[in-house]
Structure formats: C-alpha cells, structure tokens
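Colleague: just the structure for this:
(one chain, ligands or ions: 1)
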Amino acid sequence: MSEIPYKIYLEENEMPKQWYNVRADMEKKPAPILNPQTLSPVTLQELSGIFCEELAKQELDDKTPYFDIPQEILNFYKMYRPSPLVRAYCLEKKLGTPAHIYYKFEGNNTSGSHKLNSAIAQAYYAKKQGLKGVTTETGAGQWGTALSMACSYFDLDCQVYMVKCSYEQKPFRREVMRTYGANVTPSPSMNTEVGRKINADFPGTTGSLGCAISEAVEAATGQDGYRYVLGSVLTQVLLHQSVIGLETKIALDKYGVKADQVIGCAGGGSNLGGLISPFVGQMLRGEADYDIIAVEPASCPSLTRGKYAYDFCDTGKVCPLAKMYTLGSGFIPSANHAGGLRYHGMSSVVSELYDQGLIRATSVEQTEVFKAAQTFAKIEGILPAPESSHAIKVAMDEALKCKETGEEKNIVFGLTGTGYFDMVAYQKFNDNEMMDYIPTDEEIAKSLASLPEVE
Ligand SMILES: *Cc1c(COP(=O)(O)O)cnc(C)c1O
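Modeller: Residues are numbered from 1 along each chain as shown. Got it, this is the predicted structure:
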C-alpha cells in the first residue's frame, strides 16, 4: 500500500502566493517582441495602448522572478483552486505499468479549463486600471468562456470575437458566454475594418483565430476605455499559468515525490509553460533534471516542423511580431477537433526553451488521441478535452515504455480540461468518421515562404 492518496490537495495556506516568471532564470532570454510597423522592440508605452499597463509591464519583464498574486485574485483562485493532483492508480493498473502516473486536473471550474487562471488576472488588472471593458477572440470557446466569467465577476464589459465556424458549431459555448453577460460576435464580422476586408477578400469564409485576433485588437484600440486581452501565447499568460506548476511542485514535494517526466499539450504554450516553469527553473539553476515533453497535433506541428523565426501573431498583422516556432501566420490547419491547439505559432518562452534543448516535443494524430481519451475516460472517470488528451496519449505511451524497461518513473502530465462541449468530435470518433490530416512539406514550405523579413 502506498501512502500517496488518489488526490493530493493543498490546504489554502499552502497555495502559492506568487507567480513565477521563468524568464528571470533564463541566461539567454526569449527574443523581444517587435512593433509591426517599425520592427523595433516594442516599448512599454506602445504596448500599454493595447494591453492594460500592469499586464504590459509583466509582458516585458524578463528579470523579476516572482510577482505577488494580488489578494483579490487569490480570493477568486480559492473558489476553484487548488486543483487536485491525481495519482492515476486506476490507469496504472489498467496499463500494467510500474510507472507512477500523476495528472494535474484543471477542468474543475465552469469554464472547464486552465484558462480561467489567466482570465481572472487579466480582468482584475483591467478593473484596477478603471477600464470599461476588454475585447478578445475565441476559437473553440474555452478562452471566451473563461474571460466572460472573469469579467462578470469584476463587472467589466466583455466583447468576444468568436471564429465563425465555432460560433455556428458550438452554440452552447456561445450561450454560456452570453449567460455570463458577454457580447459574442462571429468573426470575420462587419464591425471592424479588418473584418470587412477579410469578408471582401474571402467571401463566405468561416474565419480563423488569427483573423479574430486582428478584429479584437482593432475593436479595443478603437473604443475608449477598452483594452485587448489574450488567453495564450503571451508571456504574461504563462506567468499567470505558473500557478499550475507551482501547485504541482508543492503537492509532489509534500509526499517526497520527484517527477521524472513532465508532459503537457501545446497550442499556444500557456498550460505547458505554466506547468513546467518551476521544473524548468530548477533545470536552469542546475538543481534538478527532468524530461519535459510538449505534445502537439500532427495537423498543426509548430514545434516539430515549424521554423524558429519572427512572425506575425495574427492574420491582420496588427499585433507585435514574436520570435517563435511557427508554421507561418497564413497557415490554416485542417479541421482538427482540438481547437485550442490550432494556432500557427508558439509562446516565445516555450520556443526558446525548446531551442535550447531544455524541453522536447512530439506530435500525435487525432484518432490515436481520441483512443487514449476514451481509455482514460473509462478508467479515470473524467471525460477529457481533446486538447488535454494529447498529453494523455503521450503519458500513456511513456508509461507503456516503462512496462518494457521495468522503470518506476514518476510521470506527471497536465489534464487541462473537460470535453463536454466537444461531443461533435467524440461523435465523429464513435462513428469512425474521424480523419487524420498531416500537412505536406510543400504546404508548410509555402506558408513559411511568407514569413516577414526581420534581421
Ligand atoms: C486552450 C486550451 C489548450 C491549449 O492552450 P495552451 O495555451 O497551449 O495551453 C489546452 N487545453 C485546453 C482544455 C484548452 O482550453
């Protein structure tokens, strides 16, 4: 009998009171973001026109290792955190592996994912600055939902540009957002110049995340008292998401467990970056070593097949340029069901850690991912989000490898959310209609050919 419980909870007084900024411990920092017009590093003043001032400061700060979490945010966190770190005893038994598998479950809140951790922080700073509201985009809908909850808590107006195909295919996501008081517009819309242009250039288009971002930025800069907020990719978001990794580390330390592998799915890199940051911090300071794995869909393989270069973060090219692993801002991934992983680029922090060889990456095909999701749902009782299931798949593969080698590795993975709004995807899987599409080298090369030229 092991003494480790199925669920390791932390007491309220054990919860982290600061976020950790992994950039502070990086000797070679992620490259600065650039102004899209001048191609010079963005200044705080320029960035403060788009983002709340406090968030702009966090975005540009690569020196301060710890940021105090404001009390109001801590109070909100206490409603749904700490999230449990679960020892997957049942899954271990099912796989017959000597490995010890742990997962950090972030689906225990109404938004159903980790995104609320940053949404509440961003809404808080907007409120504190005296703003009327914020604008954002949402693809699959998780971020829009999280932000709607956060804005309603702080009584802020919330304007969400939702990728048109999701708006039509996921009416229930849309209604959750509206229930929390958000204003949801299908993108591309006729509200913004960039939306009108995209509609004129591509009649009948069902939109993309890059296009919705451009619309949301334009809407923010065009209205007094509004700023733009983003749910992934940015370093401020990774900072807020470090709460996931910090809690995980505290929980493991409480039982004297040293992780061997840390695994997370990677779309824009925020949950992965947050989960791994305290572990990578130890690696950077030479205190410990871990095998860290980023898992991405084979249909949108920015780390494993993209290029490390400056690129636009959005289709309309209004956002700052970031140096990142990218497939090109014009890359349109095939209709993969893990909407949260369909972004052409990757957080500049995750990209730099990958480039330095501190983490590795792998890609998996969606049918395999859904098989793993089903196995997991049956044995661990949680119906996982398709995005999260990418990490499940690789954690299971790693555990099966241990079965062959007899190694008792401690495998930790991030279970970012639940899949209740993804039943169309599960339906396709159950009906054997799911397709695996992998872009060809030519398609990727074509998209990369339009990268901006930056010295
Ligand atoms: C958005 C989302 C992701 C991917 O976003 P990251 O920024 O890469 O973490 C993963 N899982 C779920 C459930 C999501 O909603």
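Colleague: need the per-residue pLDDT for the closest residue to G141 other than its chain neighbours.
Modeller: Among residues not flanking G141 along the chain, R173 sits closest, at 3.3 Å (CB to CB, 6 or more residues apart in numbering). In this view, the C-beta of every residue, glycine as well, is placed from N, C-alpha and C. R173 is assigned a predicted lDDT (pLDDT) of 93.
Colleague: quick check: phi and psi on A288?
Modeller: Note on A288: its backbone torsions stand at phi -160, psi 170 [degrees, to the nearest 10].
Colleague: what's the neighbour count on it?
Modeller: The number of residues packed near A288 is 12, by other CB atoms under 10 Å.
Colleague: state the distance from it to K128.
Modeller: 36 Å (CB to CB, to the nearest Å).
Colleague: and this protein, which residues reach the ligand?
Modeller: 113, 115, 142, 232, 265-272, 340-341, 385, 387-388, 416-417 (CB under 6 Å from any ligand atom).
Colleague: restricted to strands, list those.
Modeller: Judged by DSSP state E, those include C265 as members of strands.
Colleague: mark which of the residues of the chain next to the ligand are buried, thanks.
Modeller: By the neighbour-count criterion of 16 or more other CB atoms under 10 Å, the residues of the chain next to the ligand include these buried positions: 113, 115, 142, 232, 265-272, 340-341, 385, 387-388, 416-417.
Colleague: mind listing what's buried in the helix or strand harbouring E215?
Modeller: Using DSSP states H and E, the element containing E215 is helix 209-221. Buried residues in helix 209-221, counting neighbours by 16+ other CB under 10 Å, are found at L209, G210, C211, A212, I213, S214, E215, A216, V217, E218, A219, A220.
Colleague: just stretch 403-414 next, same as before
Modeller: Those would be K409, N410, I411, V412, F413, G414, for stretch 403-414 by 16+ other CB under 10 Å.
Colleague: hang on, the earlier thing: got the buried residues for whichever strand or helix holds the residue nearest to G141?
Modeller: Using DSSP H and E, the secondary-structure element containing R173 is helix 171-179. Buried residues in helix 171-179, defined by neighbour count with 16+ other CB under 10 Å: R173, R174, V176, M177.
Colleague: what's the very next helix or strand once past that helix in contact with?
Modeller: For helix 171-179, the succeeding helix or strand toward the C-terminus, using DSSP H and E, is strand 183-187. For strand 183-187, contacts defined as CB atoms under 8 Å, 6 or more residues apart in numbering pick out 137, 144, 157-164, 167-168, 174, 177-178, 191, 195, 207, 211-212, 215.
Colleague: which residues does the residue sitting nearest the centre point of the chain contact?
Modeller: Nearest to the mean C-alpha position of the chain, by CA atoms, centre = their mean, lies S270 at 3.7 Å. For S270, the contacting residues are H114, K115, S118, G231, S232, V233, L234, V237, L238, Q241, S347, by CB under 8 Å, 6+ apart.
Colleague: list phi and psi for the third one.
Modeller: Spelled out, it's S118. According to degrees, to the nearest 10, S118 has phi -90, psi -30.
Colleague: same question, the fourth one
Modeller: Backbone torsions of G231, given as degrees, to the nearest 10, read phi -100, psi 0.
Colleague: what about it, how many residues nearby?
Modeller: Applying other CB under 10 Å, we find 27 residues neighbouring G231.
Colleague: kindly calculate the angle that the helix holding E215 makes with strand 183-187.
Modeller: Interaxial angle of helix 209-221 relative to strand 183-187 (axes from the mean of the first three to the mean of the last three CA atoms, to 10 degrees): 130 degrees.
Colleague: now helix 209-221: mean pLDDT?
Modeller: Rounded mean pLDDT across helix 209-221 is 91.
Colleague: stretch 436-452 too?
Modeller: Stretch 436-452 comes out at a mean pLDDT of 94.
Colleague: CA-only coordinates of stretch 238-249 in CSV, if you can.
Modeller: Output of stretch 238-249 as CSV, limited to C-alpha atoms (Å, rounded to 0.1, in the frame of the first residue of the first chain):
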residue,chain,number,x,y,z
LEU,A,238,2.5,31.9,-19.0
LEU,A,239,3.3,33.8,-15.8
HIS,A,240,-0.3,33.5,-14.5
GLN,A,241,-0.4,29.9,-15.5
SER,A,242,2.7,29.2,-13.4
VAL,A,243,0.2,28.6,-10.6
ILE,A,244,-0.4,25.2,-12.1
GLY,A,245,3.2,24.2,-12.0
LEU,A,246,3.8,25.7,-8.6
GLU,A,247,0.9,23.9,-7.0
THR,A,248,2.0,20.6,-8.7
LYS,A,249,5.5,21.1,-7.3
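Colleague: hmm, who's touching that stretch?
Modeller: Contacts of stretch 238-249 (CB under 8 Å, 6+ apart): 10, 15-16, 19-22, 58, 67, 69, 77, 81-83, 85, 102, 104, 106, 114, 117-118, 121-122, 269-271, 273-279, 347, 349-350, 412, 414.
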